[in-house]
Every structure is written in structure tokens, then in C-alpha cells.
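[1] sequence below, structure please.
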Amino acid sequence: QVQLVESGGGLVQPGGSLRLSCVTSESTFSRAGMAWYRQAPGKERKMVASISPATGGTNYAESVKGRFTISRDNLKNTVYLQMNILKPEDTAVYYCRGTFPTNNGFTPFWGQGTKVTVSS
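    As a prediction, this is how the structure comes out:
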């Protein structure tokens, strides 16, 4: 079972910044596709950003393009989400998801989530 541990959430004013981190002890991290999702109250969970294991190619939801940056450090087994110019609508629980190689191919695993509240 792969464990992913997020941190970095909190309360921030509109226009502020936060950096989320997601770390794992899993040795195959460098081969895992990683992504950040978020779920606002009463809404479905949606992908915010993703980063590929091989090329480091990234994808972003339209709502965060130009404000959020996903990155990874394969030596530290960590994926980050730098969030700038935060808006109240960014308020949500943010989840890290990693798709790791397993005996069944590639399997997705989720972290427990970290809460981000954007409010004045």
C-alpha cells in the first residue's frame, strides 16, 4: 500500500500564496504519474494539475492556469503545488494522487487531503 502525505494547507487571504507538498516513502516515485485534485464542499473532486514521471510534462485545469505550478523532486519523493494569486473559489480540500507501478500494472493511490481556505 502506497502512502501519500500532504501538507501545507491553511487559511490565506485572497491574493496570497501557499505551497502544498506531498511526500511518499515509495521507492518507485520517479515512475509515478502525480497529480493534485481538489474537492470543494458539495462538489465533485476535480483534477487541478498533473505531472508526468518521464518528461515532467504538466497539465492544468483552466481555472488555475497561470496561477498554480506543479513540480516534483524525485530525489525527495515529493510533488509540490505552488498556488499564487489565490481566490476564494480555490477553497477546497486538496488531494495528492499518485499512479504507481504495481503487480497489477499501474494503480492510483490517494493522500488524506489538506484543507485550503481562501478568505479575508
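[2] partners of the biggest strand by length in the chain, with directions?
    Looking across the chain with DSSP state E, the single longest strand is strand 92-102. Strand 92-102 has these partner strands in its sheet, going by DSSP bridges: strand 33-39 (antiparallel), strand 105-110 (antiparallel), strand 114-118 (antiparallel).
[3] so what touches the shortest one?
    Defining contact as Cβ atoms under 8 Å, 6 or more residues apart in numbering, one finds that strand 114-118 is touched by 6-14, 16, 18, 20, 38, 83, 86-94. C-beta here means a position set from N, CA and C on the backbone, and glycine is covered the same way.
[4] ok, the first one next?
    Residues from elsewhere that reach strand 33-39, judged by Cβ under 8 Å, 6+ apart: 20, 22, 45-53, 70, 72, 79, 81, 90, 92-99, 106, 113, 116.
[5] could you measure the residue lying farthest from the centre of the chain against Phe29, distance?
    Distance to the chain centre peaks in the chain at Asn103, reaching 24.7 Å (criterion: Cα atoms, centre = their mean). Using Cβ to Cβ, to the nearest Å, we find Asn103 at a distance of 17 Å from Phe29.
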